[in-house]
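# I'll drop the sequence and a predicted model, then ask my questions.
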Amino acid sequence: MKKDFFNVLSVQEFIQKLHSFTPLQANTVSIEKVDGCVLATDIIAEEDLPLASRSCMDGYAINASNIFGASEANPAYLESVGDIDIEKPASFTLQDGECAGIVTGGILPDGADAVVMVEHTESLGAGTIEIRKSLAPYENVMLKGEDATTGKPALTAGTRIRPQEVGMLAALGIQEIPVYSSPRVGIISTGDELIPIDEKPVVGQVRDVNSYTLAACARRAGATATTYGLVEDKLDSLKEALENALAENDVVFLSGGSSVGVRDLTVGAIEQIEGAELINHGVAISPGKPLILAKCGNKAIWGLPGQIASAQVVMFVLGMPFLRYLSGDTNAFDQSRWPSKQAELSRNVASKPGREDYVRVTVTEKDGKNIAIPVLGKSGLLKTMLQADGVARINADSEGIYEGTVVDVLFF
């Protein structure tokens, strides 16, 4: 085994290292399964959407110039030439001084450029319609090609598909969609003190928590996760487990064995794997400083802290965004796009310059203000994560944050 090293990178330097991995290859999925995926190519519209200008309201199709200045006190009067069938275009053209009844979704007839809502009209009989509101051209109208234009991108590569994008795909009749593949993640837990969760621990033993929490984090980030059970603190056993997980996955998260110490074998096992390259050991982040990153081809090996809270915070801040990045999300590490809320810190929180601190906080409301209350505790305790709504970042150039400072709380 080669001598371990501890080369601490800043969080931004570490993220740059993560960008040395390339997003996964594209595959095609059906529209029923595309929600949450990231588009691998632009979606080019093969038709205008809508195909023709349509009404947004029930009312009357009109030419806006005919009702210029109309109001309750000074209404305009038009003659209705009929009602427009929603299923087919009108067979007539509106002339000056004419209107036509139209329902939501109906196609505007030639000669019309706006729709006045029925609430602002009154039928006076014999086809005369009183209109008590003026309109601008194209008001209350969905214009031809306003959603999508033939030959132009309706959705662009890198877009994460939400239900609203699914709606656009359905409207364009697209049933098979090119997306980035979801990462396959392998989870390994190490430590002779760990036992399966279906066993009862004695003093000196703890149940394996990280296999389950890390797998849940991976799935929440859109990956598929496989747990490989517990591995004893032996170099050969760890090397074999890593090789097995690498053969079947794009990313391997190994918890435990990342701190500098005689029983920490992760680095040694990585160095014995053919083609593996150790990128760094250590990131200036708290909790989670002894973080290991290695690569084998385009496959990543992460050595996470064994402490429960540390492992979960590192996964939230770095691991889950990395999985989203592999699935094509180029903005995955941009925390300004994460679910968050601003809140005032309830107390002073000290920090050590030179590292980013992620303070677990709970958010409550007091006197109309959002208050972030630090949840303090040891990194091996579950309750600090259970009680927290998210984390607040303290920048590496700061010695702490004063009470009353407004912070961005990044929600779990």
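In hand now; what should we look at?
# For A148, give its distance to V29.
According to Cβ to Cβ, to the nearest Å, A148 and V29 sit 21 Å apart. Using the backbone N, CA and C atoms, a C-beta is placed for each residue, glycine as well.
# So between the two, which is more surrounded?
Between A148 and V29, A148 has the larger neighbour count (other Cβ atoms under 10 Å), namely 21 against 17.
# And that one, its phi and psi?
Per-residue torsions, A148: phi -150, psi 140 (degrees, to the nearest 10).
# ok, it - contacts?
45, 47-49, 154, 168, 171-172 (Cβ atoms under 8 Å, 6 or more residues apart in numbering).
# cool, T150 as well?
45-48.
# that older thread, now, the contacts of A148 that are in strands?
Residues of the contacts of A148 located in strands (DSSP state E): A154.
# Output the below-cut-off pLDDT ranges for the stretch 1-150 of the chain.
Counting by pLDDT under 70, the stretch 1-150 of the chain contains low-confidence residues at 1-6.
# now the helices: where do they sit in it?
In the stretch 1-150 of the chain, the segments counted as helices under DSSP state H, counting those that start in this stretch are 11-18.
# Against the centre of this protein, work out the most remote residue.
A126 (57.3 Å; Cα atoms, centre = their mean).
# How much space separates that residue from Y77?
11 Å.
# can you check V409 too?
V409 is 59 Å from Y77, by Cβ to Cβ.
# the more surrounded of these two?
V409 (23 against 14).
# residues in contact with the longest strand along the chain?
Ranked by residue count and defined by DSSP E, the top strand of the chain is strand 356-366. Outside strand 356-366, the residues that touch it by Cβ under 8 Å, 6+ apart are 10-11, 284-287, 309, 313, 317, 341, 343, 345, 349, 351, 370-377, 384-385, 387-396, 407, 409.
# Parallel or antiparallel, list what pairs with it.
strand 285-286 (parallel), strand 369-374 (antiparallel), strand 390-394 (antiparallel) (DSSP bridges).
# May I see the buried residues of that strand?
356-363 (16 or more other Cβ atoms under 10 Å).
# Could I get the average pLDDT for that strand?
Predicted confidence along strand 356-366 averages 96 (mean pLDDT).
# With stretch 219-230 instead?
On average, stretch 219-230 scores 95.
# With stretch 405-412 instead?
Rounded mean pLDDT across stretch 405-412 is 96.
# Buried only: go through the contacts of A148 for me.
By 16+ other Cβ under 10 Å, the contacts of A148 give 45, 48-49, 154, 168, 172 as buried.
# ok, back up a step: any chance of the contacts of A148 in a markdown table with distance to A61 as columns?
Output for these, formatted as a markdown table (distance: Cβ to Cβ, whole Å):
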| residue | distance to A61 |
| --- | --- |
| A45 | 26 |
| E47 | 23 |
| D48 | 19 |
| L49 | 20 |
| A154 | 27 |
| M168 | 26 |
| A171 | 23 |
| L172 | 26 |
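# with the contacts of A148 in mind, which one is nearest to L108?
Set against L108, the nearest of these by Cβ to Cβ is D48 (14.1 Å).
# What segments of the stretch 151-300 of the chain are helices?
163-171, 210-220, 235-248, 266-271.
# Figure out which of those is closest to E139.
Of all the helices of the stretch 151-300 of the chain, helix 163-171 comes closest under Cβ to Cβ, at 22.9 Å.
# Now find how far off-centre the closest one is within its chain.
Computed by Cα atoms, centre = their mean, to the nearest Å, the chain-centroid distance of helix 163-171 equals 17 Å.
# where in the stretch 201-350 of the chain is pLDDT low?
Those would be 257-264, if you go by pLDDT under 70 across the stretch 201-350 of the chain.
# Can you say which helix or strand has Q312 in it?
Element membership of Q312 [criterion: DSSP states H and E] is helix 308-314.
# so what does that helix touch, helix or strand wise?
Applying 3 or more Cβ pairs under 8 Å, 6 or more residues apart in numbering; DSSP states H and E, one finds that helix 308-314 contacts helix 210-220, strand 299-304, strand 356-366, helix 383-387.
# now the ones you listed in CSV, with distance to G186?
Output for the helices and strands packed on helix 308-314, formatted as CSV (distance: least, Cβ to Cβ, whole Å):
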stretch, distance to G186
helix 210-220, 9
strand 299-304, 10
strand 356-366, 25
helix 383-387, 23
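# hang on, the earlier thing: got the buried residues for the helix holding Q312?
Buried, per 16+ other Cβ under 10 Å, within helix 308-314: 308-314.
# repeat for stretch 100-112
In stretch 100-112, counting by 16+ other Cβ under 10 Å, buried: 100-102, 106-109, 111-112.
# One more: stretch 397-408?
Buried-residue list, stretch 397-408, by 16+ other Cβ under 10 Å: 398, 401, 407-408.
# next one: stretch 117-127 to chain centre, how far?
On Cα atoms, centre = their mean, the centre of stretch 117-127 falls 48 Å from that of its chain.
# All good on my end, thank you.
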